[in-house]
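Student: below: sequence and its predicted model.
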Amino acid sequence: MLVVQNGQNVGFSVPVRSEDAGEDLRAVFFVDQGPGSPGIFQNSQIISASTYSDIMRNVTYTWPVPVLTPAGCHLLTLTVAHLSSFDPKHDSVLQSAKQGDAAIVNWWLNAPATGTPDSTLDNCPTKGAAAK
């Protein structure tokens, strides 16, 4: 869980290991991406091809936190896959047949409204709870 405020810069460094056979990787960040929601694009970057034995590769990104509405709970998603796994018409969207090539990391975000406690997570999904 990350507590974030609009305008804050949040740094990420995520290690990546992959056998690429000469094909570069793409790393894409979205907010609130999920079933029924394409999400809000944040960043896309190319990671040079390497081998599985390369343990020094990272996806690094300094995220300028946008205004997240409504205030409260949001999801930040990083997807990393080979370039050929992304839709050629929308290079930040995985082709459905290629989802097995992707590594996905999620962070829950708490973006409280100004003047509210940092622990307000009222609109976070809860297993088994009815949707609000």
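Tutor: That came through, no problem.

Student: which strand in the chain has the most residues?
Tutor: Scanning the chain for the longest strand, with DSSP state E as the assignment, gives strand 72-82.

Student: for it, enumerate the helices and strands it packs against.
Tutor: Judged by 3 or more CB pairs under 8 Å, 6 or more residues apart in numbering; DSSP states H and E, strand 72-82 is in contact with strand 9-15, strand 25-31, strand 58-64, strand 103-111. (Glycine included, C-beta is placed from N, CA and C.)

Student: redo that, cut-off 10 Å
Tutor: Here strand 72-82 touches strand 9-15, strand 25-31, strand 40-47, strand 58-64, strand 90-94, strand 103-111, going by 3 or more CB pairs under 10 Å, 6 or more residues apart in numbering; DSSP states H and E.

Student: now the angle from the third one to strand 58-64?
Tutor: Taking axes from the mean of the first three to the mean of the last three CA atoms, to 10 degrees, one finds that strand 40-47 is oriented at 150 degrees with respect to strand 58-64.

Student: list the buried residues of strand 40-47.
Tutor: Within strand 40-47, the residues scored as buried using 16 or more other CB atoms under 10 Å are Gln42, Asn43, Ile47.

Student: and the gap between the residue positioned nearest the centre of the chain and Ser48?
Tutor: Geometric centre of the chain, nearest residue: Thr77, 2.0 Å, by CA atoms, centre = their mean. Separation of Thr77 from Ser48 (CB to CB, to the nearest Å): 22 Å.

Student: cool, Gly22 as well?
Tutor: 10 Å.

Student: repeat for Ala27
Tutor: Noted for Ala27: a distance of 12 Å to Ser48, by CB to CB.

Student: next one: Pro35
Tutor: Distance of Pro35 to Ser48, computed by CB to CB: 32 Å.

Student: who has more neighbours, these two?
Tutor: More neighbours surround Ser48 than the other of Pro35 and Ser48, with 9 against 4 (other CB atoms under 10 Å).

Student: was I right about Leu76 contacting Gln33?
Tutor: Yes: the criterion here is CB atoms under 10 Å, and Leu76 meets it with Gln33 at 8.9 Å.

Student: with that, I have no additional questions.
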